[in-house]
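Peer 1: here are the coordinates; sequence isn't available:
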C-alpha cells in the first residue's frame with residue numbers, strides 16, 4: 001500500500017472519531033452540574049422558616065413554636081459561610097424569626113416573641129455582632145424595603161412603614177385581627193406589593209398611597225416576585241400562578257403552570273424558581289422557567305409532606321446553588337446547572353456596538369473596588385478609600401474583612 005493511500009484511509013477512519021469527540025466536548029461544555037437535591041443535616045433544627053442570601057453567606061431564621069421544650073428552641077438567626085456545611089448563631093435567641101432581609105449592608109429580622117420587653121423589628125449593621133430593636137412592638141411576619149421606605153407585615157395589624165430608618169412608624173390600615181395578617185411583601189424601587197389575608201395592595205410612591213389589585217382579590221397570595229416590570233403572584237390555594245407584565249396594571253393566569261399551591265417564587269440569573277405543592281399526592285418540588293412562564297420544568301426535589309416550600313434563596317458562586325426550606329422539615333441544597341458556551345473568542349467585545357466610543361463612554365461593568373485607578377497618575381485613589389473594597393453586591397469593608405482593594409482590571413458581570 002502506498003503512503004498516500006494509507007494516509008487517505010487513515011483520514012477516513014480518524015475523521016468520524018474526531019467529529020464524535022468534538023460533539024461530545026461541545027455538549028459537555030454547555031451543561032455541567034450535579035442536579036440532585038441534598039438535604040442539609042448540619043444545622044441543629046428543622047424549624048427554619050426563611051433563608052436570605054448575603055455577600056457573607058446564607059442566613060437562616062428559625063421559628064419553632066415548641067417553646068415548652070427543655071431546653072427551649074434557639075429560635076434565632078444562623079449564618080453559614082460554607083454553603084450549609086457549618087452554621088453559626090448570630091443572635092436574637094428565643095425570639096422566633098419569621099423573615100429576613102439583607103439590604104445595603106444591614107440585616108433586618110422580624111420576630112414573633114417578646115423577650116426582655118422587646119419585640120418587633122431588629123436590625124444589625126455588623127453582620128449579627130450586635131442587634132438593635134427599632135420596633136414597632138407587635139409580632140411581625142414580613143419585612144422588605146426600598147431605598148426610601150421600610151415595609152413591615154404584622155400578624156394582626158396590617159402594614160407598617162418607616163421612612164426614617166425605623167425612628168417612627170406609620171400604620172397603613174385601620175383596625176386589627178386575622179383579616180389584617182400580612183402574607184407577603186415584595187418591594188422594588190418602582191413598586192411595592194403587599195398581600196394582606198385575601199386582599200392584595202400596591203404602592204408606587206414608597207408607601208404614601210395604596211391601591212387594591214382587584215384581579216387578585218380572594219386569591220390568598222402567599223408569594224410575590226418583582227423583576228422590572230414583570231411581576232409574578234402565587235396563590236396558596238389551588239388556583240396557581242398569576243403574572244403582570246406592566247407593573248401590576250393588568251394580570252393574567254399562567255396557564256402553563258397548572259392549578260397548584262405556590263408558597264415562594266424568586267428570580268435568579270435569568271430563571272424563575274417556584275415552590276410548587278401538589279395536594280393530590282402531597283408532594284413538594286421546585287419548578288423553574290427560563291422563558292418568563294411559558295414553560296416549566298421540575299428540578300426533582302419531590303418531597304412528600306403536608307408542609308410546603310416556604311423559602312428559596314440562591315447563592316451566586318461557581319457553581320451556583322439554590323437552597324429551599326420545607327416548613328418544619330429542613331433545608332435542601334441544589335446545584336444549579338451551569339451552561340457555558342462551547343466557543344468563546346478570547347477577549348472578544350462582549351456586546352454589540354455601532355461606535356467604538358461606546359466602549360469608553362458607557363459603564364457596563366461592576367468593579368470590585370470603589371476607585372479602579374491603579375497606575376493612573378493623574379487622579380489617585382482617595383486616602384480614606386486606599387484599603388477599602390466595594391464588591392459587586394454593594395458591600396464595602398476594609399482589611400481584614402475584605403482584601404484586594406484596587407487593580408487595573410475590569411470585571412464584567414454576566415446577566
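Peer 2: Looks like it came in fine. Predicted model, so just to flag it, every value in this text is computed and none were measured.
Peer 1: shaky segments in this structure?
Peer 2: Residue ranges of the chain with pLDDT under 70: 1-35, 339-381, 391-394, 402-415.
Peer 1: go again using 50 as the cut-off
Peer 2: 1-34, 362-368 (pLDDT under 50).
Peer 1: need the residue closest to the centroid of it.
Peer 2: Centroid check for the chain by C-alpha atoms, centre = their mean gives residue 313 as the closest residue, at 4.4 Å.
Peer 1: what is the neighbour count of the spatially closest residue to it that is not a sequence neighbour?
Peer 2: Once flanking residues are discounted, residue 313 sits nearest to residue 51: 3.8 Å by C-beta to C-beta, 6 or more residues apart in numbering. C-beta coordinates here come from the backbone N, C-alpha and C atoms, glycine included. Neighbours of residue 51 under the rule other C-beta atoms under 10 Å: 24.
Peer 1: just to revisit the earlier point, helix, strand or coil for the residue nearest to the centre of the chain?
Peer 2: Residue 313 carries the three-state label strand when classified by DSSP: H, G, I helix; E, B strand; the rest coil.
Peer 1: report the separation between it and residue 266.
Peer 2: As defined by C-beta to C-beta, to the nearest Å, residue 313 lies at a distance of 7 Å from residue 266.
Peer 1: same check on residue 48?
Peer 2: Look at residue 48 and residue 266: by C-beta to C-beta, they are 16 Å apart.
Peer 1: of those two, who's got more company?
Peer 2: More crowded of residue 48 and residue 266, by other C-beta under 10 Å: residue 48, with 26 against 21.
Peer 1: contact partners for the more buried one?
Peer 2: Counting by C-beta atoms under 8 Å, 6 or more residues apart in numbering, residue 48 makes contact with 60, 61, 62, 78, 311, 325, 330, 331.
Peer 1: among those residues, which pair sits farthest apart?
Peer 2: Using C-beta to C-beta, the pair of the contacts of residue 48 lying farthest apart is 61 and 330, separated by 14.2 Å.
Peer 1: of the two, who's got more company?
Peer 2: Neighbour totals were compared for residue 61 and residue 330, and residue 61 leads with 28 against 19 (other C-beta under 10 Å).
Peer 1: OK, contacts around the residue nearest to that one when sequence neighbours are not counted?
Peer 2: Leaving out its chain neighbours, the residue that sits closest to residue 61 by C-beta to C-beta, 6+ apart is residue 97, at 3.2 Å. Contact partners of residue 97, counting by C-beta under 8 Å, 6+ apart, are 49, 50, 61, 62, 63, 75, 76, 77, 109, 110, 111, 112.
Peer 1: so where does residue 291 fall, helix or strand?
Peer 2: Using DSSP states H and E, residue 291 maps to neither a helix nor a strand.
Peer 1: tally of neighbours for it?
Peer 2: Residue 291: 11 surrounding residues under other C-beta under 10 Å.
Peer 1: residue contacts, the nearest residue to residue 96 once chain neighbours are set aside?
Peer 2: Leaving aside its sequence neighbours, residue 96 sits nearest to residue 112 (C-beta to C-beta, 6+ apart; 3.7 Å). By C-beta under 8 Å, 6+ apart, the contact set of residue 112 is 63, 95, 96, 97, 98, 139, 140, 155.
Peer 1: distance check, the fourth one against residue 122.
Peer 2: Same thing as residue 97. 9 Å.
Peer 1: overlap in contacts, those two.
Peer 2: Shared contacts of residue 97 and residue 122, defined by C-beta under 8 Å, 6+ apart, comprise 109, 111.
Peer 1: that older thread, nearest to residue 187 among the contacts of residue 48?
Peer 2: residue 311 (16.9 Å).
Peer 1: is it true that the closest one touches residue 50?
Peer 2: Yes. With contacts counted by C-beta atoms under 8 Å, residue 311 reaches residue 50, the gap being 4.7 Å.
Peer 1: which residues do these two both contact?
Peer 2: The overlap between the contact sets of residue 311 and residue 50 (C-beta under 8 Å, 6+ apart) consists of residue 325.
Peer 1: with distance to residue 230 and secondary structure added, can I get the contacts of residue 48 in TSV?
Peer 2: Output for these, formatted as TSV (distance: C-beta to C-beta, whole Å; DSSP: H, G, I helix; E, B strand; the rest coil):
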residue	distance to residue 230	secondary structure
60	28	strand
61	27	strand
62	32	strand
78	32	strand
311	21	strand
325	25	strand
330	31	strand
331	28	strand
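Peer 1: which parts of the helix or strand harbouring residue 108 are buried?
Peer 2: In this assignment (DSSP H and E), residue 108 forms part of strand 106-111. By neighbour count on 16 or more other C-beta atoms under 10 Å, the buried set for strand 106-111 is 107, 108, 109, 110, 111.
Peer 1: and these, which is closest to residue 261?
Peer 2: Checking the buried residues of strand 106-111 against residue 261 with C-beta to C-beta, the nearest one is residue 110 at 23.0 Å.
Peer 1: list the contacts for the closest one?
Peer 2: Residue 110 sits next to 97, 98, 99, 100, 120, 121, 140, 141, 142, 143, 152, 153 when contact means C-beta under 8 Å, 6+ apart.
Peer 1: closest to residue 205 out of those?
Peer 2: Distance to residue 205 across the contacts of residue 110 (C-beta to C-beta) is lowest for residue 152, with 17.6 Å.
Peer 1: could you verify my assumption that the closest one touches residue 160?
Peer 2: Yes. At 4.3 Å, residue 152 counts as touching residue 160 under the criterion of C-beta under 8 Å.
Peer 1: which of the two has more neighbours?
Peer 2: residue 152 (32 against 25).
Peer 1: you'd agree the more buried one is in a strand?
Peer 2: Yes. Residue 152: assigned to a strand according to three-state DSSP.
Peer 1: hey, what's in contact with both of residue 152 and residue 160?
Peer 2: With C-beta under 8 Å, 6+ apart, residue 152 and residue 160 have common neighbours 136, 169.
Peer 1: looking at the sheet around residue 58, what are its partners?
Peer 2: Beta bridges link residue 58 to residue 53, residue 80, judged by DSSP bridges.
Peer 1: wait, is residue 183 part of a helix?
Peer 2: No. Counting by three-state DSSP, residue 183 is not part of a helix but strand.
Peer 1: what's around it, how many residues?
Peer 2: Other residues within reach of residue 183, judged by other C-beta under 10 Å, total 21.
Peer 1: returning to what we had before: and the residue nearest to the centre of the chain, how far from residue 71?
Peer 2: Counting by C-beta to C-beta, the gap from residue 313 to residue 71 is 28 Å.
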